[in-house]
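Need coordinates for the below:
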Amino acid sequence: MYVRTIIAVLLFTGAALAQGSLPPPRDGTTIYVVKPGDSLWKISGRFFGNPLFWPRLWELNPNIDNPNRIYPGDVISLKPEQPVLPVVKVEPKEHKVTFDDVEPPPPVFYYSRGGSEGFISPGQWEHMGTILTSEPPKMLLGTGDIVYTNIGTKNGAGTGDRYTIYRTSKPITHPISGNRVGYKVAVLGELEIIEVLGKRKSTAVIIESYQEIMRGARVRPEEAFVKEVVMKKGVQRVDGFIVDNKNNVELSGSGDVVYMDVGKRNSVVPGNVFSIYTSPRKFWDPDAGKNVVIPGALIGKIVVLEVGDTTSTGVIIESSRQVQKGNFVSLDI
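Numbering: from 1, shown residues only. Model prediction:
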């Protein structure tokens, strides 16, 4: 009976796939970032209304070697990369419709460790509680560790609630003006409440760690961080500077996260692309008898992931040389 069932499922799957390509995914999503507990079967059921479409979904993602092994942070394409041509009625003597006549969809940039990039907050990010200790007690904590927090019924906490673990640095000053920009917030991981023990006490498990977590780390309710953005041009000129970076290093390159001194007040939105330039330099022109300004050189590009009121977080997607604090940035329009 079990073998018959398996054969029937396989035959039904083959029949479903023989009907053609996948139907359009629900809600227009083009890519999906895998979460804990996901499988191609579940993803197909969610976005296409039928889990039996999972072989077709696997076919669209040749980067997946084993369909039974997908991991949180993996990016699943829900549509073929090649756009589908619209049906166009061609009258006599009209030119033929080609791919050049179809405007391609905007490119999508994804950040596989979405949520870990951090940001600059104008003030010290308000916290709800703190990690007190762990079981067994230890200084450095990571994924799977059991911890105790001072969050409880007084905070409205319940079993299954998730919280962001973070730490706030000392104030960040602008590399050019010297003015205070804000506080750098490093997102360390995520935890989930497994038992509420009282008004200000609970047991939790760390379900994700991006960096080393120590006792005393602060927590606040989980927020939806951006994992993918549609790249888009700006609507007006916006200039600014790189004021800091995630890894606390002097020099950055492709794949590194940086922070800029432009945000919502400058009409910046996630997906905007900024060009990075070296600072203009003055050189003595002996023929003119005066200093002349040499414009900065283009050295890279940044895609904006998160936007605050006056600051934004981005990732360097290309660089021809090392990037540093104080480099000039200009929005592509």
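
Straight-line length of stretch 193-202, end to end?
In stretch 193-202, first residue to last residue: 7 Å (C-alpha to C-alpha, to the nearest Å).

Now find how far off-centre stretch 65-73 is within its chain.
19 Å (C-alpha atoms, centre = their mean, to the nearest Å).

can you give me the strands for the stretch 201-333 of the chain?
Secondary structure of the stretch 201-333 of the chain (DSSP state E, counting those that start in this stretch): strands at 201-209, 213-214, 218-221, 228-230, 239-245, 251-252, 257-260, 273-277, 281-285, 290-294, 298-307, 312-319, 323-324, 328-331.

Can you add distance to Asp38 and mean pLDDT and give those strands back as a markdown table?
For every residue, glycine as well, the C-beta is placed using N, CA and C. Shown next, in a markdown table, are the strands of the stretch 201-333 of the chain (distance: least, C-beta to C-beta, whole Å; pLDDT from 0 to 100):
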| stretch | distance to Asp38 | mean pLDDT |
| --- | --- | --- |
| strand 201-209 | 14 | 94 |
| strand 213-214 | 24 | 93 |
| strand 218-221 | 23 | 92 |
| strand 228-230 | 15 | 80 |
| strand 239-245 | 31 | 95 |
| strand 251-252 | 32 | 91 |
| strand 257-260 | 25 | 95 |
| strand 273-277 | 30 | 95 |
| strand 281-285 | 51 | 84 |
| strand 290-294 | 52 | 85 |
| strand 298-307 | 22 | 93 |
| strand 312-319 | 24 | 92 |
| strand 323-324 | 35 | 94 |
| strand 328-331 | 35 | 95 |
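
Of those, which stretch is the most buried?
strand 257-260 (a mean of 25; mean count of other C-beta atoms under 10 Å).

Tell me which other helices or strands that one touches.
On a contact count with 3 or more C-beta pairs under 8 Å, 6 or more residues apart in numbering; DSSP states H and E, strand 257-260 meets strand 239-245, strand 298-307, strand 312-319.

picking up where we left off before, nearest approach to Thr168 belongs to which of the strands of the stretch 201-333 of the chain?
With C-beta to C-beta as the criterion, Thr168 lies closest to strand 218-221 of these, at 7.4 Å.

one step back: can you list the strands of the stretch 201-333 of the chain in a markdown table and add distance to Thr173?
What follows is the strands of the stretch 201-333 of the chain, written out as a markdown table (distance: least, C-beta to C-beta, whole Å):
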| stretch | distance to Thr173 |
| --- | --- |
| strand 201-209 | 29 |
| strand 213-214 | 25 |
| strand 218-221 | 23 |
| strand 228-230 | 28 |
| strand 239-245 | 8 |
| strand 251-252 | 18 |
| strand 257-260 | 12 |
| strand 273-277 | 20 |
| strand 281-285 | 23 |
| strand 290-294 | 26 |
| strand 298-307 | 21 |
| strand 312-319 | 18 |
| strand 323-324 | 15 |
| strand 328-331 | 18 |
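
looking at the ones you listed, which is closest to Ile194?
Nearest of the strands of the stretch 201-333 of the chain to Ile194, taken as C-beta to C-beta: strand 201-209 at 5.4 Å.

Who does the strand of greatest length in the chain pair with, and is each partner parallel or antiparallel?
With secondary structure taken from DSSP state E, the chain has its longest strand at strand 180-198. Using DSSP bridges, the strands paired with strand 180-198 are strand 119-121 (antiparallel), strand 162-173 (antiparallel), strand 201-209 (antiparallel).

buried residues in that strand?
For strand 180-198, burial by neighbour count (16 or more other C-beta atoms under 10 Å) applies to 181-191, 193, 196.

pLDDT weak spots in the chain?
Residue ranges of the chain with pLDDT under 70: 1-21, 27-29, 80-106, 110-115, 224-227.

okay, which residue of the protein is out on the far edge from center?
Distance from the C-alpha centroid of the chain, by C-alpha atoms, centre = their mean, peaks at Asp287 (51.4 Å).

From Lys35, how far out is the closest residue to Pro23 other than its chain neighbours?
Residue nearest to Pro23 in three dimensions, not counting chain neighbours: Phe48, with 5.7 Å by C-beta to C-beta, 6 or more residues apart in numbering. Using C-beta to C-beta, to the nearest Å, Phe48 is found at 17 Å from Lys35.

Those two - which one has more neighbours?
Between Phe48 and Lys35, Phe48 has the larger neighbour count (other C-beta atoms under 10 Å), namely 20 against 12.

Return the residues in contact with the more buried one.
Phe48 makes contacts with Leu22, Pro23, Pro25, Arg26, Leu57, as judged by C-beta atoms under 8 Å, 6 or more residues apart in numbering.
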